[in-house]
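Colleague: structure here, sequence nowhere to be found:
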């Protein structure tokens, strides 16, 4: 299809050093045809970027960086290229509206469509008002729910902070326009400020990448601890010691929302499921004894002690200990230096048998492509990395090649319809340039796990 487009020429058009048609020399049918061709190519390129980045989820060393760094950077390539190519050439003042429109449309789309996709395709039935990730059955149109991890809130805060950088150039640009200055006068007045804005954005971008790398390494460390807990190689006291050493103690007012409490809950969850032998979501006295034995109590002393503390733990007086009560007790235990010193830091593997129901509560392992299953783990990682890089590389290459002609097509449509090219690209361009984010949102949402949401 691309080769056919390359040889299409409008009558009388001169040969140019480009394989693409000049939109101005096409009739409406030809212009519609090549616009669709370019949009499909950009869509397929975005799909390659999306598929390649999803493969990186199979590589533990970089999996945590896929959502925060890889997808945003590669997903921004189509928009970035459209903005770049719209701002060069003899008619840059007019065509730049295409790039700005694509950027504005993409921003609106990415703040709405992926979230909508996650809710519609990622929701699961609820239990006690919370998403039941272990139940992946169908939901009614108005039923079901999703939940998200704390990283979403942090990323939203970062996004709001970075919007302040727009004011570096937007405020003086607005003042110059209010004065009625000519284009050249505005350019002279805003030149230095535009450079300052660029530098500020680059510094903020590098800072964001550094933060993501640090945050991902912290998450990876926590995941390794949780994996050790599930494998019975890390004891409860050792896990509490990890939380104590890797987080700052909170003040009392923000205890439940503190990073320490959030990490403690993540650590406590697999232990709670281990002790909850009847899988009813609460602990009775016999099950609570298992926790005390894991903290260093002898069987007889654990049995005696549990009667003394059960009423203290059961704050809602329902005769059982829920997860919140369990976590709060362990938080208080963690603050007792004497008890922490005497608690065993080596796990007793024979204390609890592996639960037949598993401990993952709806979490799924990423699936290795079927054609790589016969390879060793090391060979699988190599093949996955190679396949991921060539898919993302080819997708990025196609975006670089086809973004410029797509800008020309959208600008031409604006001229012919008598509509500003800004609005044409605002509506149409995001569906081609941001297909990777939409496809990724759909692919992750379909897995119906809190981590993928």
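Modeller: Alright, I've got the coordinates. Quick caveat, the model's predicted, so the values are computed rather than measured.
Colleague: how about low-confidence regions in this structure?
Modeller: In the predicted model of the chain, residues 1-18, 60-68, 71-72, 75, 216-221, 224, 247-259, 345-368, 435-436 satisfy pLDDT under 70.
Colleague: regarding it, what is its longest helix?
Modeller: helix 183-230 (DSSP state H).
Colleague: can you mark which positions in the helix or strand following that one are buried?
Modeller: For helix 183-230, the following helix or strand on the C-terminal side (DSSP states H and E) is helix 236-246. Residues of helix 236-246 classed as buried by neighbour count (16 or more other Cβ atoms under 10 Å): 236-244. Yep, even glycine has a C-beta here, placed from its N, CA and C like the rest.
Colleague: any idea which of these is the one closest to residue 159?
Modeller: Of all these, residue 159 sits closest to residue 243, with 28.7 Å by Cβ to Cβ.
Colleague: the closest one and residue 410: what is the separation?
Modeller: 53 Å (Cβ to Cβ, to the nearest Å).
Colleague: now do residue 268
Modeller: 53 Å.
Colleague: out of the two, which sits in the busier spot?
Modeller: residue 410 (30 against 24; other Cβ atoms under 10 Å).
Colleague: are we agreed that that one is in a helix?
Modeller: Yes. Under DSSP: H, G, I helix; E, B strand; the rest coil, residue 410 sits within a helix.
Colleague: give me the element residue 82 is part of.
Modeller: Assigned by DSSP H and E, residue 82 falls in helix 77-86.
Colleague: could you list every helix and strand in contact with that helix?
Modeller: helix 28-55, helix 92-110, helix 377-417, helix 421-433 (3 or more Cβ pairs under 8 Å, 6 or more residues apart in numbering; DSSP states H and E).
Colleague: kindly recompute the last result at 10 Å.
Modeller: Applying 3 or more Cβ pairs under 10 Å, 6 or more residues apart in numbering; DSSP states H and E, one finds that helix 77-86 contacts helix 28-55, helix 92-110, helix 377-417, helix 421-433, helix 435-446.
Colleague: check the offset of the fourth one from the chain's centre.
Modeller: The reference is to helix 421-433. The chain centre lies 24 Å from the centre of helix 421-433; the measure is Cα atoms, centre = their mean, to the nearest Å.
Colleague: for it, buried residues please.
Modeller: For helix 421-433, by 16+ other Cβ under 10 Å, it's 421-422, 424-426, 428-433.
Colleague: picking that back up, out of the helices and strands packed on helix 77-86, which is the most enclosed?
Modeller: A comparison of these by mean neighbour count, using mean count of other Cβ atoms under 10 Å, puts helix 421-433 on top with a mean of 23.
Colleague: from residue 324, how far out is residue 130?
Modeller: 12 Å.
Colleague: and for residue 96?
Modeller: According to Cβ to Cβ, residue 96 and residue 324 sit 55 Å apart.
Colleague: and residue 138, by the same measure?
Modeller: Remark: distance between residue 138 and residue 324 (Cβ to Cβ) = 30 Å.
Colleague: neighbour count for these two, which is higher?
Modeller: Neighbour count, other Cβ under 10 Å: between residue 138 and residue 324, residue 324 has more, with 13 against 9.
Colleague: am I right that the more buried one sits in a helix?
Modeller: Yes. Secondary structure of residue 324 (three-state DSSP): part of a helix.
Colleague: got a list of what it touches?
Modeller: 256, 265, 268, 315-316 (Cβ atoms under 10 Å, 6 or more residues apart in numbering).
Colleague: out of those residues, who has the most neighbours?
Modeller: Neighbour counts for those peak at residue 268, which has 24 neighbours (criterion: other Cβ under 10 Å).
Colleague: once you drop chain neighbours, what's closest to that one?
Modeller: Nearest residue to residue 268 in three dimensions, chain neighbours excluded: residue 327, at 5.0 Å (Cβ to Cβ, 6 or more residues apart in numbering).
Colleague: number of residues surrounding residue 27?
Modeller: Residue 27 has 10 neighbours, counted by other Cβ under 10 Å.
Colleague: list phi and psi for it.
Modeller: The phi/psi pair for residue 27 (degrees, to the nearest 10) reads phi -80, psi 180.
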